[in-house]
Every structure is written in structure tokens, then in C-alpha cells.
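Visitor: Kindly generate the corresponding structure for this input.
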Amino acid sequence: MKTPLLFLCHRMPFPPNKGDKIATFNLMKYLSKRFDLYLGCFIDDEFDFQYKDEVAKYCKETCFIDISSKRYIVSGIRSLVARTPVSVEHYKSASLQKWVDHVVAANDIDYLFAYCSSVAQFITPARFANKKRVLDMCDVDSDKWRQYCENKPLHSKLIYGREYRLLSDYEQFLLRELDGITLVTDEERELFRKLSPQSYSEKISTLSNGVDIAYFSPDAEYDYTDQPQCDGPSVCFTGAMDYWANEDAVVWFAEHVWPELSKACPNLTFYIVGGNPSERVKDIANLENVIVTGRVVDVRPFIAHATVCVATLRIARGVQNKVLEAMAMNKPVVMTSMAQEGIALPLSQQSFVQDTPSAVLSAIKQLLESPELAYSVGKENRGWIETHYSWDGALKPLDTIFPSDTL
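Guide: Numbering: from 1, shown residues only. Down below sits the predicted model:
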């Protein structure tokens, strides 16, 4: 028998088609090799119900809590009364807590692992104080809310500022209560250490992201159910399009870069690939040669078709999977310094990290005008990813965090 381990995450870890789901899927897959996993998670999208059996293949037991009809506005009202962060209140669940209590006691589970601060609440009760409890916080989420406050109207600043302050306090509570907190980059780790008492600094470590180099390969077989409709050159942005940072990135690109770029390259198409596009993102589709795909079965045909992938994020935390995936597929990536945070780059790719509209425009034009350059940068990117960003290497610290007798 394998050692039992409780694994909690805030969203169904399948399909691995967006940042947090990619991370939790690979965590689940890696841990299942050495542990009997007892997995509890929330389903916030009806689309994901079909994957319950797929997730169960990796687990000894599962618990799925449906919150697909739950709205943040209701959680926000409750958080005002409870004086808790909205993001924590939204995931409160007596049913999940009851299941956690039961499986931990019934299976004598000593290792409790949570992904995302919002679900750490289920392993903080005092009855678990004798267990080894670790949170993969991924990034310093409170600081993201601090960034949201910048350049916002007063009413938004009040809302975002409240969440920033409450979540910052909650993160410090978790640091005091738990045995360890991991963050996805050394930069995030050092930021959290600066925000925390020095006496707790040894609890904070790095657990980085990787990329599935076999799946995101130029030689892989793709699902072409959804695919680019235009034969000419294209640029591509991938990501969940109801996520504010992604929305902001593509709106900024459409407003400040695309007008001049489309004039210079009139046969160029801009693909925005990702599920649940917001109204602001949908409006971009009104621009000439801009296609907003919505949810697709497989993002890889769009990446493979692109001459250049773009990641123009102006607000970001942690490692951007969209950058790693594009690099793994032999693509040059024009990205902002925020999108590059936590990712070491090969020399040829480094000059394509730009932050101003004119510099982003120039970088993309340079790659479009020189297919040889685009190919050589992409080829070096693929080799770099193979060497530095495989998932097994990235998650190796878990072997020390949660030792087991299983090899």
C-alpha cells in the first residue's frame, strides 16, 4: 500500500487547459505515483462534470463540490459580514470539511496538501495540528489585488483594497499555522519572505511550474476539431479570457499595438484563444482580422499555426504557462517583463521581452519580416524548455516535502 495523502484544490484539475488546472493536474499525476491520493476539489464550470472519472483514475477517493451556480456577488456580501476575503468566503463548504474530517480520520492521513490559499481553510482546524500541512500558494495573491488597485476608480479601489488587506492578513495566518508554504518562483518566494516575519522564512520555499514537453511538441498529434481558419501569418494569445489579467493584456494589445501592426501587415490575423471571453474581449472581434475563438478543444493548432505568440500581460504573478507552452512548440514569444517573471530565457529570446507599444510592435514586425529569425528563436526555445522545464524536474522538491516509502 502507498502512503495516503490528502490533496485539495479550488478547481477540477482536468482538463489541463488553463494555468491553475495545468499545475494541479501535474501535481495530481506526480503525487499519485507515490501516494494514495484523497482528492477534494470544487467544480465551478458545468463543462468540467464530464471529467470526474478521468480525475478519479489518479485517486484512491474523490470528493467533488459543485459551485457552478455560486456567484461572487453573494460571496462578497457574506464576506462583508464575516470580515473575510471574498476569495476565501466563496469556497467555504461544510460538505467538503465534513469529507476532509472523515477521510483523514478513517485513513490515518498524516500529509495534508492544499493548492491555493482559498482551500487552505479546510486543513487549518486545530484537530489537524499534528499533521504535516503544506500549502502551495503558487503566488502572493494579495499582491495581485494590490496591483488591481492601481489606476482604478475610487469604488474599485475600495473593493480591491479591502480584498488586498484581508487576504494579506490571511496569508500571514496560514504561514503561522501551516508547516510550509510553496510559491511558484524564487521571486514570489522572496517577495513573501519580505512581507513576512523573518522567524518564519524557513517555512517558505519554491515549487516551480513545468510544461508537458511531449504534449506541447511541434511533433505531437493535435485535435483539429477547432483550428485556425485563415491561411496567412498570425499572432496568437492563449489563456482563460474571463481572467482579468488576460483580458487586460489582449485589450491593451488590441488598442495600442494592433492598429499599427495590422497596417504594416494587412494579411496578418490575431487569434485570441481561450474560454469564456468577457464582453470587452468579445468587442475586440469587431476589429478587422481579429478572431476571438472562445473555448477550444485543443489550443495547440493555434500555437502551431502562429508565426509569433504574444503574452502582453501588465498584471501577473507566478509563471505564465502560455509562455512555456509556446516556447515548447518552437515559437518565438513577444512578452512583457511581467509575463517573463520567473522564467529564465535563452539568449535569442531575451530581446523579445518588451513593455512599450512601440517596442512590442517592433519586435513582432522583426519576427514577421524574418522567418529565419523566427525559426531559429523558436528552435532554441524548444531546446531550452526540454532542458530546464520538464514537470518531473520542477516537482522534485515534493519528494522531500512529503517523503514516502514508495519509489
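Visitor: Name the helix or strand for residue 205, please.
Guide: strand 204-206 (DSSP states H and E).
Visitor: Report the mean confidence score over that strand.
Guide: For strand 204-206, mean pLDDT is 96.
Visitor: Any stretches of the stretch 101-250 of the chain with poor pLDDT?
Guide: Within the stretch 101-250 of the chain, the segments meeting pLDDT under 70 span 151.
Visitor: one more time with 90
Guide: Where the stretch 101-250 of the chain drops to pLDDT under 90, the residues are 141-163, 185, 187, 209, 223-226, 229-231, 242-244.
Visitor: which stretches of it form strands?
Guide: Using DSSP state E, counting those that start in this stretch, the strands of the stretch 101-250 of the chain run over 111-115, 132-138, 180-183, 204-206, 234-238.
Visitor: Turn the ones you listed into JSON lines, including mean neighbour count.
Guide: C-beta here means a position set from N, CA and C on the backbone, and glycine is covered the same way. What follows is those, written out as JSON lines (neighbours: other CB atoms under 10 Å):
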{"stretch": "strand 111-115", "mean neighbour count": "25"}
{"stretch": "strand 132-138", "mean neighbour count": "23"}
{"stretch": "strand 180-183", "mean neighbour count": "22"}
{"stretch": "strand 204-206", "mean neighbour count": "17"}
{"stretch": "strand 234-238", "mean neighbour count": "25"}
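Visitor: Those strands: which one's closest to residue 396?
Guide: Proximity to residue 396 (CB to CB) singles out strand 204-206 among the strands of the stretch 101-250 of the chain, at 11.3 Å.
Visitor: for the closest one, packing partners?
Guide: The contact analysis (3 or more CB pairs under 8 Å, 6 or more residues apart in numbering; DSSP states H and E) places strand 204-206 against strand 180-183, helix 186-195.
Visitor: and the angle from the last one to strand 132-138?
Guide: On the basis of axes from the mean of the first three to the mean of the last three CA atoms, to 10 degrees, helix 186-195 is oriented at 110 degrees to strand 132-138.
Visitor: in helix 186-195, what counts as buried?
Guide: 187-189, 191-193 (16 or more other CB atoms under 10 Å).
Visitor: Of those, which is the nearest to residue 10?
Guide: residue 188 (17.8 Å).
Visitor: Leaving out the residues flanking it, which one is nearest to that closest one?
Guide: Among residues not flanking residue 188 along the chain, residue 139 sits closest, at 5.1 Å (CB to CB, 6 or more residues apart in numbering).
Visitor: max-length helix in this protein?
Guide: helix 154-177 (DSSP state H).
Visitor: can you list contacts of that helix?
Guide: The set of residues external to helix 154-177 that reach it, using CB atoms under 8 Å, 6 or more residues apart in numbering, is 79, 83-88, 117, 120, 124, 133, 135, 137, 140-143, 145-146, 148-149, 152, 181, 192, 195-196, 200, 203-204.
Visitor: coming back round to it: chain center to the strand holding residue 205, what's the gap?
Guide: With CA atoms, centre = their mean, to the nearest Å as the basis, strand 204-206 stands 18 Å off its chain's centre.
Visitor: hang on, the earlier thing: let's have the buried residues of helix 186-195 in a markdown table, adding distance to residue 157.
Guide: Below are the buried residues of helix 186-195 laid out as a markdown table (distance: CB to CB, whole Å):
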| residue | distance to residue 157 |
| --- | --- |
| 187 | 25 |
| 188 | 24 |
| 189 | 28 |
| 191 | 22 |
| 192 | 23 |
| 193 | 27 |
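Visitor: so, if you compare those, which one comes nearest to residue 47?
Guide: Closest approach to residue 47 among the buried residues of helix 186-195 (CB to CB): residue 188, at 29.7 Å.
Visitor: My guess is the closest one contacts residue 142. True?
Guide: No: the pair residue 188 / residue 142 is not scored as a contact, 11.6 Å apart, by CB atoms under 8 Å.
Visitor: send the alpha carbons of the strand ranked longest in the chain over as CSV?
Guide: Using DSSP state E, we find that the single longest strand of the chain is strand 35-43. Extracted in CSV, the C-alpha atoms of strand 35-43 (Å, rounded to 0.1, in the frame of the first residue of the first chain):
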residue,chain,number,x,y,z
PHE,A,35,0.8,8.2,-2.7
ASP,A,36,-2.8,7.0,-2.4
LEU,A,37,-4.5,10.4,-3.2
TYR,A,38,-7.7,11.5,-1.5
LEU,A,39,-8.6,14.4,-3.7
GLY,A,40,-11.2,17.1,-2.9
CYS,A,41,-12.0,19.9,-5.2
PHE,A,42,-14.7,22.3,-6.5
ILE,A,43,-16.4,22.3,-9.8
